[in-house]
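# Could you look at this predicted model? Sequence included:
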Amino acid sequence: MNGAQVVVETLGAAGVEVCFTNPGTSEMHLVAEMAARPVIRNVLCLFEGVATGAADGYGRMADRPAATLLHLGPGLGNGLANLHNARRAGTPLVNLVGDHATYHKAFDPPLDSDIEAMAGTVSAWVRRTTSVEDVGRDAVDAVVAARTRRGVATLVLPSDVCWSDGASAAPVPESTQDTFDAGEVERIAKVLREQDGCLLFVGGANMRRAGLRAASRIARATGSALLAEKSPARHERGAGIPDLARLPYPVDDALAALRGYRHVVFAGARPPVAFFAYPGKPSALVAPDTEVHEIGAVPAALEYLADLVAADVRPDDGPAPRPGLPTGELTADAVAAVAGALLPEGAVLVDESMTSGQRLPASTAGAPPHDWLSLTGGSIGMGTPVATGAALACPGRPVLCFAADGSAMYTPQSLWTQAREGLDVTTVVLNNSSYAILAGELGRVGVFHDADLARAREFIDISGVDFVALAAGMGVPATRADTAEGFAAQLREALAEPGPHLIEAVVPPVAAL
């Protein structure tokens with residue numbers, strides 16, 4: 001077999017079912033092999049940032065890696081922002097990057113670049129295959145690295161490695177179970193039983209139903225406070241699942257939420273830091289005199305801790321009320337209320353709503369059980385691509401994406417892929433004609449005089465985008481709403497009809513985060 005055949009066969013044997021592609025000349029043998037032997041579904045994307053974001057969304061919901069196929073260093077560069085988010089999400093992802101033939105690189109052709117250097121910024125594992133004899137082993141190692149390191153594994157494939165004969169497949173090992181240090185968990189149990197002023201800070205895989213129920217049991221039994229990371233990769237929530245408040249974004253609010261605790265136990269979350277530096281404010285949000293304990297990201301560790309301290313305690317999973325349908329002017333709060341009232345059971349909600357979505361978590365807390373996917377790395381443009389991948393990972397489940405207008409303009413090509421694949425994704429663009437989150441940052445940095453601040457706000461006016469026309473050009477039916485009643489009717493219709501839809505929700509700006 002040639003190298004391309006072995007790569008595709010190996011990925012298929014390892015359970016990789018989908019490859020999100022934006023290929024070029026150096027990847028044509030891989031494309032040809034996927035066409036000839038379709039063991040992997042080839043999903044074409046019109047921009048590399050869509051491919052990488054879709055692979056992130058797929059991996060978050062499937063709990064196994066998808067693949068991407070990118071064209072040389074510039075193609076990888078176009079996909080880096082959403083690979084960054086995937087890295088922060090801990091998403092398993094096999095990132096295939098084609099390159100020039102091994103002998104051709106010496107001539108420094110126009111598209112040549114240092115792929116490994118770029119890939120290293122977002123990858124848990126990077127390797128270049130240098131001979132066709134090694135390609136089977138390297139493909140296996142990439143899949144294993146993506147699984148075990150819960151991150152991006154980048155394999156660079158020169159074109160002559162792919163077209164040359166002499167490759168052979170390598171066996172794919174079985175997945176292994178993660179383990180935890182039982183002794184450390186027992187020590188932490190003693191702290192929670194005997195000490196006051198304890199906070200259990202939850203994140204990662206513990207933001208699923210089992211982890212949240214365990215966390216709630218621990219809090220009820222020990223009196224510990226509960227808090228969740230700001231942007232969980234995947235958060236199971238809704239009626240019957242304990243609802244945890246998340247760490248706020250503004251640095252002063254985050255500091256206040258963490259103040260006064262003597263002990264903080266991190267269960268799947270990393271100690272939080274401020275998103276940005278501000279004059280006179282700390283970077284680390286946990287006070288220096290606080291004692292920090294970590295039980296790791298293995299869900300079984302948190303469940304073991306709950307069995308130690310709360311064996312006979314039930315979680316607090318009382319249902320929250322669903323909001324009623326609002327009337328009148330369409331505002332960001334009204335959009336959130338409609339979402340809470342109409343969100344269907346089993347939905348996947350992708351949130352890149354930024355300032356306009358501040359009420360979404362509270363409004364949907366009492367909705368039927370659903371999954372919530374967040375912007376993990378802060379690099380905008382993830383919403384519609386992640387929704388695309390989530391829909392492919394979960395056929396039969398409705399996907400609802402809330403995107404801010406500025407964020408939606410980074411990766412609108414996702415809509416074309418949704419239309420091409422017939423994906424059941426409803427995109428709600430919250431159009432307030434502004435980068436409103438930057439308005440808040442302009443005030444936070446504290447260096448503008450009033451007149452200068454007024455002029456600076458003009459720089460973040462992004463009015464004039466017609467999202468209905470944009471969606472139509474991508475093949476997605478679209479409507480526009482400016483009243484609460486109109487938005488509710490349009491959302492009902494979009495959720496009832498199969499296939500992709502877009503609703504442009506025209507709302508006034510709200511106070512920045």
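Yep, it's here. Predicted model only: the values in this text are computed from it and were never measured.
# and stretch 86-100, how far apart are its ends?
26 Å (Cα to Cα, to the nearest Å).
# er, stretch 462-478 actually
20 Å.
# Same question for stretch 375-391.
17 Å.
# Which pLDDT value does the model give Glu458?
For Glu458, the model assigns a pLDDT of 67.
# cool, Gln177 as well?
85.
# and what of Leu513?
Leu513 is given a pLDDT of 57.
# For Met28, give me phi and psi.
Here is the backbone geometry of Met28 (degrees, to the nearest 10): phi -60, psi -30.
# Could you list the buried residues of the strand or helix carrying Ala86?
According to DSSP states H and E, Ala86 maps onto helix 72-89. Within helix 72-89, the residues scored as buried using 16 or more other Cβ atoms under 10 Å are 72-76, 78-89. (Glycine included, C-beta is placed from N, CA and C.)
# list the helices and strands it packs on?
When contacts are defined as 3 or more Cβ pairs under 8 Å, 6 or more residues apart in numbering; DSSP states H and E, helix 72-89 packs onto strand 18-22, helix 48-62, strand 66-71, strand 93-99, helix 115-120, strand 152-158, helix 383-393.
# ok, 6 Å please
helix 48-62, strand 93-99, strand 152-158 (3 or more Cβ pairs under 6 Å, 6 or more residues apart in numbering; DSSP states H and E).
# what's the angle from that helix to strand 152-158?
170 degrees (axes from the mean of the first three to the mean of the last three Cα atoms, to 10 degrees).
# Output the lowest mean pLDDT helix or strand found in the protein.
Lowest by mean pLDDT, DSSP states H and E among the helices and strands of the chain is helix 436-444, with a mean of 61.
# All the helices of the stretch 101-250 of the chain, residue numbers only.
115-120, 135-149, 159-163, 182-194, 209-222 (DSSP state H, counting those that start in this stretch).
# Between helix 383-393 and the helix holding Ala86, find me the angle.
Going by the same axes, to 10 degrees, helix 72-89 makes 80 degrees with helix 383-393.
# what does helix 72-89 contact?
For helix 72-89, contacts defined as Cβ atoms under 6 Å, 6 or more residues apart in numbering pick out 48-49, 52-53, 56, 70, 93, 97, 99, 111, 113, 115, 118, 122, 151-152, 233, 376-377, 379, 381-382.
# Quick one: mean pLDDT for it?
According to the model, helix 72-89 has a mean pLDDT of 98.
# Surely Leu93 touches Gly59?
Yes. If you go by Cβ atoms under 6 Å, Leu93 and Gly59 touch, sitting 5.4 Å apart.
# shared neighbours, the two?
Common neighbours of Leu93 and Gly59 (Cβ under 6 Å, 6+ apart) are Pro65.
# So for the closest residue to Tyr261 other than its chain neighbours, what's the pLDDT?
Once flanking residues are discounted, Tyr261 sits nearest to Leu199: 4.3 Å by Cβ to Cβ, 6 or more residues apart in numbering. Note on Leu199: pLDDT of 98.
# okay, now Tyr278: neighbour count?
Tyr278 has 16 neighbours, counted by other Cβ atoms under 10 Å.
# right, and the secondary structure at it would be what?
coil (DSSP: H, G, I helix; E, B strand; the rest coil).
# which residues does it contact?
Val251.
# Any figure for the gap between it and Asp289?
Separation of Tyr278 from Asp289 (Cβ to Cβ, to the nearest Å) stands at 22 Å.
# go on, Gly24?
With Cβ to Cβ as the criterion, Gly24 and Asp289 are 55 Å apart.
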